[in-house]
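*Asks:* give the three-dimensional model of this entry:
(2 chains)
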Amino acid sequence: MNLKLFSERFRRNLFLFSMFFVFIVSAQAQKKVTGIVSSGGLPLPSANVVVKGTTVQTSTDIDGKFSLNAPSNATKLVVSFIGYATKEVTITDGEMKIELAEEGNNLEEVVINVGYGTQKKSVVTGSISKITAKDLEKVPNGRIETALQGRTSGVTIAMNSGQPGSAATVRVRGITTFDGKGGNNPIWVVDGIIVDSGGIGAINQSDIESLEVLKDAASLAIYGSRSASGVILITTKKGKKGKMTVSYNGFTGTSAPERTLDLLNATEYGALMNERYVNGGGTGDVPYPDLGALGKGTDWQKAIFNNSAKRFSHEISISGGNDVSNFYLSFGSQYQEGIVMTQISQYEKKNFRLNSNHKIKEWLNVGQTIGYTHQKNIGLGNTNSEYGGPLSSAINLDPTTPLVETDPILANGIAYNSPYVIRDGNGNPYGISNVVGQEMTNPLAYAQTRLGQFGWSDDFVGNVFAEIEPIKNLKIKSTLGSKLAYWGAEGFTPMFYLSATVNNTVLNNITRRNNKSFSWNIENTATYSRKYNEHSFSLLIGQGAYKENQIYTETSVTHSGLSTNDYNLASFNDPTVTQAHKLGYTFNGTPHILTSLFTRLTYDFKEKYLFTGTVRRDGSSRFGANKKYGVFPAFSAGWVISKEEFWKQNDYVDNLKLRFGYGVTGNDAIGDFGYLANIDGGRNYTLGDGTSVTPGSSPGRISNPDLQWEETTQTNFGFETKLFRDFNLTFDIYKKKTTGILRENPIPGYVGAEAPPYANIADMNNSGIEIELGYKHKFNDFNFSANANMSTLKNEVTYLGNNVTYFTGDGFQSMGPITRTEVGHAYSNFYGYQTAGVFQNQAEINAYTNSSGGLIQPNAVPGDFRWKDNNGDGTITADDKTFLGSPLPKLTFGFTINMDYKGFDFMAFAQGVSGNKIFQGLRRLDIANANYQTEALGRWNGEGTSNSYPRLTNNDTNGNFSNMSDFYLENGDYLRLKVVQFGYSLPSSVINKVGIQKVRLYVTAENLLTLTKYTGYDPEIGGDVFGIDRGYYPQARSFLFGASLQF
Amino acid sequence: MIQKIKFLTIAAVIGITAVSCSSDFLDVNPEGLPLEANYYQNEAEAKAGLISVYDMMRKNSGGFENMITMFNAGSDDQLAGGGSSSDGAGIQSFSNYTINTNTIPDSFWSDYYRGIYRANVLLTKLPAVPMDDAVRARFTAETKALRAYYYFNLVRMFKNVPLILTPLGTSEFYGVTQATPEAVYAQIELDLTEAIPDLPGTVTASTDGGRFTKGAAQSVLGKVYLYEGKNALAAAQFQEVNGTPGATNQYGNHLLTNYNDLWVVSNKFNTESILEVSHSSQNSYWGIWGGNADEGNTVNVMAGPRSYVKVDNLAPDLPSGWSFNVFTEDFHTFMQGDPRFDATILDLEALKQAGHADYIGGYQDTGYFLNKFIPRQSDVYSGGGDAVLNYHQNTYAIRLADTYLMEAEALGGTGARAQALLDAVRARVGLAAVPVSLNAIKDERRRELAGEGHRWFDLVRWGDAPTKLASRGFVAGKNEILPIPTRELQGTQLVQNPGYN
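*Replies:* I've put the predicted structure just below:
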């Protein structure tokens, strides 16, 4: 079935279905009730007033007044307004005076989702940060990780790419484990369903009621085996009792790059290439004898960047309910163009959600959530890679090659004689460089070869639950959740000729890949809560079973040799494709299964002495028979000092709560069957005439039946308080120790085994301080609030196994590894040589001697780097390499300011990091003729010219550029103004007359300004290891205009 | 209330059921994943095990870190080349003799040990496999011959290597020490001697080409003796293989009439081939490059010129490559007038000057490319994967001209038989006889086997390396063997080779 048609039909059906829930409402009458709703003495317009147990309702006018006819037997009103705590009041005669308290202002009103239940913030003993819908609504709709960035302490987030729709790397309280299988990603729990971090993009930002980040072990332990790297709980919106509300929020705008690099123009390029040539010992003619004729040349960046990439988002939600049922229904549509080669960089998302709850009996509640998301992603291909792609090509291509070759003699020359050369609309070939080869290609031509390539996904995530209260205070809840995901990719590779190196002149092909996965979980919990006098307690026991990827399949088909070379016409139905040119494969994945038992006791005395204890026992399919089960205990305690008798009520320090917690959490993020000794195929050899390969098999990984959980033990101390009435302060200090990190235990090569055994080796510590500070004050009509948060992080590897002191990490081109993880240092530190200036003359080289008088760098020439002889052995060898800084920020921070005056509001949100290094690897080392950034103009070219940028030469015998050194590292500090928004709400006196509750118009600037000294495009570089820039797709600066309506 | 109790009961039952079935629930069937404990149950599985041992033969010319390109780069006739001075730290540092424990690619050590591990596993399993005894004997012989060949490459590269003959248990990983080279050579001789009687004299090239034959094992044994200085034993083994110089030997081998035919890609397992490393196009791609399932020949793309453009028909039709292993000016001069010149050297500089072709000069560009391995446009694979990784030219580990010259060398470079052997190699390309001598043999090897990865080992064996490679930075007493990779020294009992600490 046509996918689009299917999704439309599906939506229509769901819409009808949802209507069913809407009309379970009735009505009767009659007595007149009047009143005035206010907050802090000021009238509240547009507040919702409902007669309890009925659908009779109204809104307050500009003066906060209301008037309605209630049924004669009605006794209570429910008054609510966004941002204020809902209040129930008894109906009285005459004009009622109803005062609403602002939510969040009062610590006690905030309710925190602690996993399998909620608690009042005032009695929570763990370290949990909460973000509400209100915090998110002003941030342009994007991926959830983005919305979290800079909002809470203890969470470091960096985008993986500026490609629209791309994911971000999220780390809660540092790097908890060594990565490889995603073990450092927090788990996301959406309405009780664990969704992997890749699938989280399917959740629509506006559908989120609240997000809670569980950070300390005492809070995390309830999620046991997979919680060590943090848990993020997402609660989607529910309908509220009362009038049906229809909301629209939408914006449209454009994006542009925040900055571009300063690259050499053709004349500068020619001059430096000549200099390289001469310095490298070249004789005879220099490559560019006539510099004057070169001019400015081609600006490749201008060709790839789009300064007016389009972007829009529309969302409509309908919600409402009565005493029996409530529902929340939403639709959204988003489209965003990338700023790099927009033709092949686009993202669109369409989503639908329906949540409903029904109180069938006094003792029986049932409900469901379902979200459907369709995404389509046209991707650039390489978004942070030095091996081709438009960004890397634009940076490295020489400016002397034309964008389009218009000179008829050259255009008909040998460089363009392939019939598959890509041409522009006028039939002129796109320029092909004759000096920069390898993967670097004309980006405009490259884009033409990728048309028709895109990825897509359709995700269904939902749950149903039933909750009964068989006896008072005992709630038994059963939840069944599931996720059904379909995703895949379509591609077409034409015959093309981009250069002598990058071409496909034999057969074109069309490919299709389809994936499907189905996961489910079931959880049963019983909660008994009682209050005896001043003692409150709540006991939770629960049981869960989780099957991830019960179904996981991938099927891929490629047809080659199509009769057309135009992606628009290419089809799998092409009858000319022969059977031999139809290739396909498929495979099944293996499920990941967990079973769990868990219990939690919370207790408080007078809400003054607080205690929580948790135990979870998990069994995982990923471990051998010896070690399938793990137990994760935790406890935390709190003391609200300010409730003690001796604590005098004062204006300076109020509501002071001390918290302490300790607990153990786990991680099973390794592949399946790591504990088994298996036989692997694929050890093939070609025998005979080479028409086929003979399959070979040999033992694979060495087994380890004792493989077990990796454990993280965390201690947390914190306090929360209110200072000077207007300030809220939360402080946490933690220490986290991960032991038995799951890792391939490196073995010497002479053992000869194909893969080393997985083992529980390596230990690592993380520690840090987190501070969240909020300020809120009302100056007559002027409301002002500000929030700031900051987190520090210190990471140290303490053990790597008996025979291992370090291991190396990511490599860069031909440099080899550029990071190293060593005991006593942070995980994955940059590692290389240290420079100590540039030799200005031969005398300096001769003066750089060792203890025996020999030259330390005998082969250096003036203009070469002086390398530090760190081990003091009198020569420069690999042993002189040292730690050069960490890609992980030492400090992460965020600031938000909100203010409003009458109808005007303003919001600014900034975020940043400090104390990290970025590896700036934009130029290809192995392409001698690659272009340079303009920093190269300040190179050493004679005594006294530069002491930091070495000479340019074709014969870099000193390894100035080919050695990993501090030369490539830059400070990664930045402060980015992520969102600035200015809005105006039309007076309700005007809009209420036409039945509209709210009209707000706004303008938003996203990524308006970034303060940084980093010389690449963007200092925010995510990925497994942060901070390696290989030609990173930068984030866009967007200007948006939007409107919110509510009626 | 009764209703509530009902619900409670149902809930409790659901809960208990879910919990009680949980132990089975956690068991996941390793679908399609054979376990070692259940494997090696029949001849087919034994064969798969044998093929996994053969798999490492591809090290000769498969993957970026292959024997041919690496050892060509270290010889006096060729340079590393490539894109820049940092294009492959291992090959560059070997070429300019700055190689050290960090730059030596691990794989030159560990790939052969992987082959040895697979051989050791198979030798422990074979006796118990229910199968035909004659087939078992042949499999055992092939496995031993392969293990010997891998140890020979290890010992001549690194000299001081551990001798491991059974799979190590996890507790033994770090207790291993290096064996003396004599012990390793003794084991190699033993393995080959035991293998030879059970190996077939010939195999059907179209289906079994590439498998060890008697002649192949004898050639390896002869070569081993030659490296050990056991010249008489070497000559005896080679005589078994060579037979009458210039004639067909007992296994049907003889020199090809036309030298150029040696480099025709389709000419696999020809009569001159003694031990051949086999490649094929199997949709190889970057993700598996140099790994077990990569069946392509990487020497091909490495030898090709960068950004090559053919201007007219006087230039060959070539795909582009990576410009490794360009010949030196000195070698170019040395080859002048030799009938093998064109098969060996493609002078692209001349073609470019004359306007017939264009290319971008790589690092250390001399314009003289290794024509034996430069792929032709017609060799470009059009199936799946990445075309540059799917060249399928086989390479010779040992060919008859090589064994002729090795026998002549083992004979001390004197005598009628040595003369006849040398003459046969020269006569094949139409060259007149020259008086046999060690020097004449050395010069002939240099021409005949140029670019095939032998020269560096020859220079070291002859003791000529310190003089011939002095200008490259070769240090006598150190650079005759390679440094042991860092990883092998971490936490182990291994001792670094002299001069590399």
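*Asks:* and residue A:96, how many neighbours?
*Replies:* Taking other Cβ atoms under 10 Å in any protein chain shown as the criterion, the count of residues near residue A:96 is 18. In short, each C-beta sits where N, CA and C put it, glycine included.
*Asks:* now it: which helix or strand?
*Replies:* When secondary structure is defined using DSSP states H and E, the element that contains residue A:96 is strand A:95-99.
*Asks:* CA atoms of that strand as PDB?
*Replies:* As requested, the backbone C-alpha atoms of strand A:95-99 are provided in PDB (Å, rounded to 0.1, in the frame of the first residue of the first chain):
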ATOM      1  CA  GLU A  95     -19.200  37.600  44.600                       C
ATOM      2  CA  MET A  96     -16.700  34.900  45.400                       C
ATOM      3  CA  LYS A  97     -13.000  35.900  45.800                       C
ATOM      4  CA  ILE A  98     -10.700  33.200  44.500                       C
ATOM      5  CA  GLU A  99      -6.900  33.500  44.800                       C
END
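*Asks:* and the next element down the chain from it?
*Replies:* Heading C-terminal from strand A:95-99, the first helix or strand you meet, by DSSP H and E, is strand A:111-113.
*Asks:* can you tell me the strand partners of that next one and which way each runs?
*Replies:* Partner strands for strand A:111-113, per DSSP bridges, with pairing direction: strand A:118-120 (antiparallel).
*Asks:* report how many residues lie close to residue A:691.
*Replies:* Residue A:691 has 10 neighbours, counted by other Cβ under 10 Å.
*Asks:* my read is that it contacts residue B:282, right?
*Replies:* No - judged on Cβ atoms under 8 Å, residue A:691 makes no contact with residue B:282 at a distance of 10.6 Å.
*Asks:* which neighbours do these two share?
*Replies:* Both residue A:691 and residue B:282 lack any common contacting residue under the criterion Cβ atoms under 8 Å, 6 or more residues apart in numbering or on different chains.
*Asks:* follow-up on the earlier one: output the contacting helices and strands for the strand holding residue A:96.
*Replies:* In terms of contacts (3 or more Cβ pairs under 8 Å, 6 or more residues apart in numbering or on different chains; DSSP states H and E), strand A:95-99 is packed against strand A:31-39, strand A:76-80, strand A:87-90.
*Asks:* mean neighbour count and mean pLDDT added to the ones you listed, as TSV?
*Replies:* Written out in TSV, the entries for these read as follows (neighbours: other Cβ atoms under 10 Å in any protein chain shown; pLDDT from 0 to 100):
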stretch	mean neighbour count	mean pLDDT
strand A:31-39	18	85
strand A:76-80	20	86
strand A:87-90	14	85
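*Asks:* mind putting these into TSV with distance to residue A:921?
*Replies:* Supplementary listing: the helices and strands packed on strand A:95-99 in TSV, determined by distance: least, Cβ to Cβ, whole Å:
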stretch	distance to residue A:921
strand A:31-39	55
strand A:76-80	55
strand A:87-90	59
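*Asks:* name the residues that touch the strand holding residue A:96?
*Replies:* Residues contacting strand A:95-99 (Cβ under 8 Å, 6+ apart): A:33-39, A:77, A:79, A:87, A:89.
*Asks:* picking that back up, out of the helices and strands packed on strand A:95-99, nearest to residue A:61?
*Replies:* Shortest distance between residue A:61 and those, using Cβ to Cβ, is found for strand A:31-39: 9.7 Å.
*Asks:* burial measure for residue A:427, as a count.
*Replies:* Other residues lying near residue A:427 total 7 when counted by other Cβ under 10 Å.
*Asks:* now it, what's its secondary structure?
*Replies:* State at residue A:427, reduced to three classes by DSSP: H, G, I helix; E, B strand; the rest coil: coil.
*Asks:* confidence score at it?
*Replies:* Residue A:427 is assigned 91 on the pLDDT scale.
*Asks:* and the contacts of strand A:95-99, which two are furthest apart?
*Replies:* Between any two of the contacts of strand A:95-99, the greatest separation by Cβ to Cβ is 19.7 Å, found for A:33 and A:39.
*Asks:* against residue A:666, how distant is the nearest residue to residue A:669 once chain neighbours are set aside?
*Replies:* If you skip the residues right next to it in sequence, residue A:669 has residue A:183 as its closest partner in space, 3.2 Å away by Cβ to Cβ, 6 or more residues apart in numbering or on different chains. When Cβ to Cβ, to the nearest Å is the yardstick, residue A:183 and residue A:666 sit 10 Å from each other.
*Asks:* who has more neighbours, these two?
*Replies:* Relative neighbour count places residue A:666 above the other of residue A:183 and residue A:666, with 25 against 22, counting by other Cβ under 10 Å.
*Asks:* the more buried one is in contact with residue A:714, isn't it?
*Replies:* No - assessed by Cβ under 8 Å, residue A:666 is found out of contact with residue A:714, at 11.8 Å.
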